[in-house]
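Chemist: Attaching a predicted model along with its sequence, questions to come.
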Amino acid sequence: MTDPDNCIRNKASAVLQSHQQHLWSSTDRMFGVLMLLQWLGCIAAAVVISPLTWEGTRSAPHLHLWAAILLGGALALYPTYLVIRHAGSALTRNVITVAQVLFGSLLIHLTGGRIETHFHVFGSLAFIAIYRQRSLLLLAAAVVVVDHLARGIFWPQSIYGVLSAPLWRSLEHAGWVVFELTFLILATNKGRREMWTNADREARLDVAHREVEQKVEERTSELRLAEARTRAILDTAADGIVTIDERGIVQSFNPAAEQIFGYTTAEVIGNNVTMLMPAPYESEHDGYLANYLDTGDKKVIGIGREVVGRRKDGSSFPLDLAVSESQGGICTGIVRDITERQAVDRMKTEFISTVSHELRTPLTSIRGSLGLLRGGIAGEVSAKAQSLIEIAEKNSDRLVRLVNDILDIEKIESGNMEFRFEAQPVVEIVHDACKANESFAAQHGVTIEIGETVDDAVCKVDHDRIVQVLTNLISNAAKFSPSGSSVRLSMHRVDDKLQVEVTDRGPGIPIEFQSRIFGKFAQADSADTRESEGTGLGLSISKAIVEKHGGEVGFRTAEGQGTTFYFTVPLANRETSARPVAQTPSTDGCGPRVLVCEDDRDIGHLLTLMLQPAGAIVDVAATAGEARELLSQHDYAVMTLDLMLPGESGLNLLRTLRADAATSNLPVVVVSAKASEGRKEPDCEALGVIDWLGKPIDQDGLLDSVHAAVRSAGRSAANGDRARVLHLEDNEDLASIVADTLEPVATVQTARNLAEARRLLSTEVFDVLLLDLELPDGCGLDLMSLLGKSNAATPVVIFSAREPTADITDRVAASLVKSRTSNEQLVDTITSLLRRHAAVELQSHQTEA
Amino acid sequence: MSSTVRGVQAAVWAIGVVAGFVCLADYESTAGRGAGSPPSWPAESQLERVANQPTLVLFAHARCPCTRASIGELERLMVHAKHRATVHVVMFDPGSAPGLNSSPDSVGWTDTNLWGSANAIPGVRVSRDPHRREAALFGAATSGQVVFYDANQHLQFRGGITGSRGHAGGNAGSFALIDLLRGRAPATAATPVFGCSLTDSCCDPTVDDRTR
């Protein structure tokens, strides 16, 4: 590698050499002119001063005249010749130096030794110093010295006027010459240093300039390469790429865009991009550009979206469009014709819809039938038959899970899985999941226990999806746990997240399987050696669901010791208070169980006394916490609620109960001195209060209200007032199964199609409508617009093979998916809605009264 | 062109130049014919002299360019000669009437800058010397010849007062005259004379070649 300093030094030397050469050449030319002028001057001096020499009366040209012409010519012409032919050469400037000094000598001769003429010598030395070369000054001095010495030796009187000149005269002459030479040499040295400085500066500039030029060349080369690459990409890209300026004028149009739009590049370049858009999008685009130029608001840039394009033949077609902005206001649009993709999507959607319906509906029938059989609907069956029923039920469950998992995976991958996030206590979800999987765990001889919990942790989650995740983890843990062991659920905070763990005592996860455990169809054992049933999709689905919640999934495992799967979900800001444990006294009875939530012990006792005559079993809770605890321990037919509880108001307690799936339908009668104020709450209607009773308490009113609540909650109770459910279902088998399943709580009237349902609704009143979405003559939801006045407040439940979208679920009281819903869940849902409906009816009647 | 050829050219040039300067120096250092001046003031001379006062006479060719230096030296000598000696400049005038004349001749032979320069020196008496009569009396053959006679009319110095032909500046003749004017013995009593010849012939009998 070349040393940079050395490089600059060499460069500076070259520059200095160049400058010197230029200086020498220009000075040579100056002397060339000066020589000729001096020659003419000498001739003029000779002509004026000594043109003739005399002998008496005869005259002849003076020798000075010849000397001026001939000697002066010699002194002038040869250096001039060298200047013309060899300007800048060392010989030229040396000859010039000698000639210049000798011109001084000649002039001294011609002027008769005038003292003024001696200044020519000093002037000559100054001129020679222009060369900035010490050797030339020394040469000039040498010529002067030699001239003086020679003349001093041979013609001493011509210099000093005497034949034997004293030494001091020579020293004096030499002294003056040395005096001037000293300063001239100093000036020359200074000049040379300045030249070196300038040369060094110029060299550095030149080096810097070259470096810049080299970098520019490199960048230019890179740019060319990048441009070539870009061009190659543009030419070969499968997507159409169109660039426009800030006015919307097309700047480039690649071959793929030509194919998509049918235009050639030449036809598009220079025209407005709106030519590629059908009405009304073209005017929208103009408006967008104008707004963008005015405000800088980028509505489209950076966002991929589906738009409509127009081909050269005028036909419209769907496009995927992604727009990016680069410097100079140039926007690049990447377009892709998605006509085929949309067709495929439609086909896929139709296929999935068909699969959902055609698989889930019969599976629901099968499972429901088996459940009913197992429950003894057909009477006692033999042990052998019972065993076969259990096998059939188990495998139908397995098939249901497989179908559900496959459909879930499809929805996750297509981004169509919908989530309903709500802030809620996760501990309750854990309890729900635990409860839902108890029977499955029991089938494997495993128990589920809940360890450490964070009761006040509230997270914004989709309840059903988190239950789905926990179900996956718990069922996995149960399947791999040895019989007799337990699966432990626990939860704790990790920074700003809540971590839920499911721990088993199974064999652990083999190392080779750990890296792909969250992959699709991942099974630790191969298909032909599989010991545990499962689709291998559960963990993959769970991971996707948790990530949608902003959390993550992981596991810890040790072979032979067990595995802990965990997932995290972000904690919400709102936190509920810790769950207290409170036991309340209860009074045994034979009627409905009633929870009295009253902080005043005397009033609580009074309410107990009022209710006991009606056969009610009464528990008293003095605080909201005690009430929750009792609610978690017993099923209550009714709760009376005081609004002025210590610590947490009765209304707040009621709101939290409504948010809890287990108590969302609990009939509540408010018994409070502030009942009238509570009734004015904005959400009082949503709270589903059966009645608002003030104090002092009227026993008859209290009993009426409780009775109404009990009636609403348990139309299934043996009082003969059975609830009626209209089930709209085209599948005869499933309709029969549902009727049998709901038989304990309601009378089910089945309609095979919309027309039949309309007819029934026009003549009869129902407490719940259970609708299938896909019917031979339309969608079940169409029925909602036809509900008459008598059924206007009737809650609607969707029970379909297709999962309803969010906008559908918002319109109905509940939605259930076939094959995902067990018989028990169906019964619970219907029962809950029947209670709520009864409460609403009661309120309505009271208002009318 | 090769460097050798250029070197040869330069050498030839240098030799030629040196030769030219040698010739020039030799020419300028070649003295004219000296004067066979009489040891005592010639009685036939018409030049005025003051009793008891030395007399200095410079013979000049009015058109000799080399004598301009001698007149310049005389001007400087006059600083010492004023009121101490009688100083004459005798201009060779071949065309005027016989007898000394203190004004330039009518035909303009002596109507030169040299006459004007000499005449402008205070204390110097300039006169024409028709037919070189006075020069002959004092044996002067070369322009610039100076003779110095003391108060007793004895010849004390003869020669030129320039170091070379037409070359101004200090010289042995001037130094000797300064000594004489100050009453001191001169270092030399005779010096070569550099200037134009006052005669047409190289064999003028009045010329004393011994002073050359």
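Modeler: Cool, the structure landed.
Chemist: Name the next helix or strand downstream of whichever strand or helix holds residue A:703, please.
Modeler: Secondary structure from DSSP states H and E places residue A:703 in helix A:699-713. Remark: after helix A:699-713, the chain's next helix or strand is strand A:723-728, criterion DSSP H and E.
Chemist: Run a quick neighbour tally on the residue of the stretch 451-600 of chain A found nearest chain B.
Modeler: Residue nearest to chain B within the stretch 451-600 of chain A: residue A:515 (85.2 Å; C-beta to the nearest C-beta). From N, CA and C alone the C-beta is placed, and that goes for glycine too. The local packing of residue A:515 (other C-beta atoms under 10 Å in any protein chain shown) involves 9 other residues.
Chemist: what's the burial count for residue B:120?
Modeler: Neighbours of residue B:120 under the rule other C-beta under 10 Å: 11.
Chemist: so who does it touch?
Modeler: By C-beta atoms under 8 Å, 6 or more residues apart in numbering or on different chains, residue B:120 lies in contact with nothing.
Chemist: Now do it against residue B:178, distance only.
Modeler: From residue B:120 across to residue B:178, the span is 21 Å (C-beta to C-beta, to the nearest Å).
Chemist: And the pLDDT at the spatially most central residue of chain B?
Modeler: In chain B, the centroid-proximal residue (C-alpha atoms, centre = their mean) is residue B:144; its distance is 0.8 Å. pLDDT, residue B:144: 93.
Chemist: Quick check: closest non-adjacent residue to residue A:705.
Modeler: residue A:691 (3.8 Å; C-beta to C-beta, 6 or more residues apart in numbering or on different chains).
Chemist: okay, now the one you found: neighbour count?
Modeler: Residue A:691, neighbours per other C-beta under 10 Å, totals 22.
Chemist: was I right about it contacting residue A:697?
Modeler: No - using C-beta atoms under 8 Å, residue A:691 and residue A:697 do not qualify as a contacting pair, with a distance of 11.8 Å.
Chemist: Could I get the phi/psi values of the residue nearest to residue A:705?
Modeler: As for residue A:691, its main-chain torsions (degrees, to the nearest 10) stand at phi -160, psi 150.
Chemist: do you know how far it is from chain B?
Modeler: Taking C-beta to the nearest C-beta, to the nearest Å as the measure, residue A:691 falls 131 Å from chain B.
Chemist: Repeat that for residue A:317.
Modeler: For residue A:317 relative to chain B (C-beta to the nearest C-beta), the value is 85 Å.
Chemist: That residue should be in a strand, yeah?
Modeler: Yes - counting by DSSP: H, G, I helix; E, B strand; the rest coil, residue A:317 is found in a strand.
Chemist: ok, it to residue A:306 distance?
Modeler: Taking C-beta to C-beta as the measure, residue A:317 falls 11 Å from residue A:306.
Chemist: Same drill for these two, tell me which one is more crowded.
Modeler: Set residue A:317 next to residue A:306 and count neighbours by other C-beta under 10 Å: residue A:317 wins out with 15 against 12.
Chemist: Tell me how far the nearest residue to that one once chain neighbours are set aside lies from residue A:378.
Modeler: Sequence neighbours aside, residue A:339 is the residue nearest to residue A:317 in space, at 5.1 Å (criterion: C-beta to C-beta, 6+ apart). Using C-beta to C-beta, residue A:339 is found at 55 Å from residue A:378.
Chemist: same question, residue A:768
Modeler: For residue A:768 relative to residue A:378 (C-beta to C-beta), the value is 26 Å.
Chemist: Look at the two and report which has more neighbours.
Modeler: For residue A:768 versus residue A:378, the count of surrounding residues by other C-beta under 10 Å is larger for residue A:768: 27 against 13.
Chemist: Show me the longest helix that occurs in chain B.
Modeler: helix B:3-28 (DSSP state H).
Chemist: got the buried residues for that helix?
Modeler: Of all the residues in helix B:3-28, those buried under the rule 16 or more other C-beta atoms under 10 Å in any protein chain shown are B:6, B:9-10, B:13-14, B:17, B:20-21, B:24-25, B:27-28.
Chemist: residues contacting residue A:477?
Modeler: Listed by C-beta under 8 Å, 6+ apart, the contact partners of residue A:477 are A:446, A:487, A:502-504, A:506, A:563, A:565.
Chemist: Name the spans of the stretch 451-600 of chain A whose pLDDT lies under the cut-off.
Modeler: Judged by pLDDT under 70, the stretch 451-600 of chain A has its weakly predicted residues at A:522-534, A:573-591.
Chemist: And the strands in it?
Modeler: Assigned by DSSP state E, counting those that start in this stretch, the stretch 451-600 of chain A shows strands spanning A:458-461, A:486-494, A:497-504, A:553-558, A:562-570, A:593-597.
Chemist: Please apply the same query to chain B.
Modeler: Taking DSSP state E, the strands of chain B run over residues B:55-61, B:86-93, B:124-130, B:145-149, B:155-159.
Chemist: Show me the one of those strands that comes nearest chain A.
Modeler: Proximity to chain A (C-beta to the nearest C-beta) singles out strand B:55-61 among those, at 5.3 Å.
Chemist: Kindly spell out which helices and strands sit in contact with the closest one.
Modeler: helix B:67-81, strand B:86-93, helix B:133-138, strand B:145-149 (3 or more C-beta pairs under 8 Å, 6 or more residues apart in numbering or on different chains; DSSP states H and E).
Chemist: ok so, going back, a markdown table please, covering the strands of chain B and showing mean neighbour count.
Modeler: Output for the strands of chain B, formatted as a markdown table (neighbours: other C-beta atoms under 10 Å in any protein chain shown):
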| stretch | mean neighbour count |
| --- | --- |
| strand B:55-61 | 28 |
| strand B:86-93 | 25 |
| strand B:124-130 | 23 |
| strand B:145-149 | 27 |
| strand B:155-159 | 23 |
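Chemist: With respect to burial, which of the strands of the stretch 451-600 of chain A scores highest?
Modeler: Greatest average neighbour count among these goes to strand A:593-597 (a mean of 26), per mean count of other C-beta atoms under 10 Å in any protein chain shown.
Chemist: quick one: that one to chain centroid distance?
Modeler: Centroid displacement of strand A:593-597 relative to its chain, using C-alpha atoms, centre = their mean, to the nearest Å, is 53 Å.
Chemist: same for the helix or strand that it is followed by, what does it pack against?
Modeler: As assigned by DSSP H and E, the chain's next helix or strand after strand A:593-597 is helix A:601-611. Where contact means 3+ C-beta pairs under 8 Å, 6+ apart, helix A:601-611 is packed against strand A:593-597, strand A:617-621, helix A:699-713.
Chemist: Tell me which of the ones you listed sits most buried.
Modeler: When the helices and strands packed on helix A:601-611 are scored by mean count of other C-beta under 10 Å, the highest mean neighbour count falls to strand A:593-597 (a mean of 26).
Chemist: For chain B, give me the ranges with low pLDDT.
Modeler: Low-confidence segments of chain B (pLDDT under 70): B:1, B:35, B:95-107, B:201-212.
Chemist: quick one on the thing from earlier: against chain A - does the longest helix of chain B have any residue that ends up touching it?
Modeler: Yes - using C-beta under 8 Å from any C-beta of the partner chain, we find that helix B:3-28 touches chain A at B:3, B:6-7, B:9-10, B:13-14, B:16-17, B:20-21, B:23-28.
Chemist: so when I look at residue A:321, I'm seeing a strand, right?
Modeler: Yes - according to three-state DSSP, residue A:321 belongs to a strand.
Chemist: What are the neighbouring residues in contact with residue A:684?
Modeler: residue A:678.
Chemist: ok, 10 Å please
Modeler: For residue A:684, the contact set (C-beta atoms under 10 Å, 6 or more residues apart in numbering or on different chains) comprises A:651, A:654, A:670, A:678, A:692, A:843.
Chemist: and it, that's in a helix?
Modeler: No - going by three-state DSSP, the assignment for residue A:684 is coil, not a helix.
Chemist: how far away is it from residue A:795?
Modeler: Counting by C-beta to C-beta, the gap from residue A:684 to residue A:795 is 19 Å.
Chemist: Reformat the strands of chain B as JSON lines; add distance to residue A:538.
Modeler: Shown next, in JSON lines, are the strands of chain B (distance: least, C-beta to C-beta, whole Å):
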{"stretch": "strand B:55-61", "distance to residue A:538": "143"}
{"stretch": "strand B:86-93", "distance to residue A:538": "145"}
{"stretch": "strand B:124-130", "distance to residue A:538": "144"}
{"stretch": "strand B:145-149", "distance to residue A:538": "144"}
{"stretch": "strand B:155-159", "distance to residue A:538": "143"}
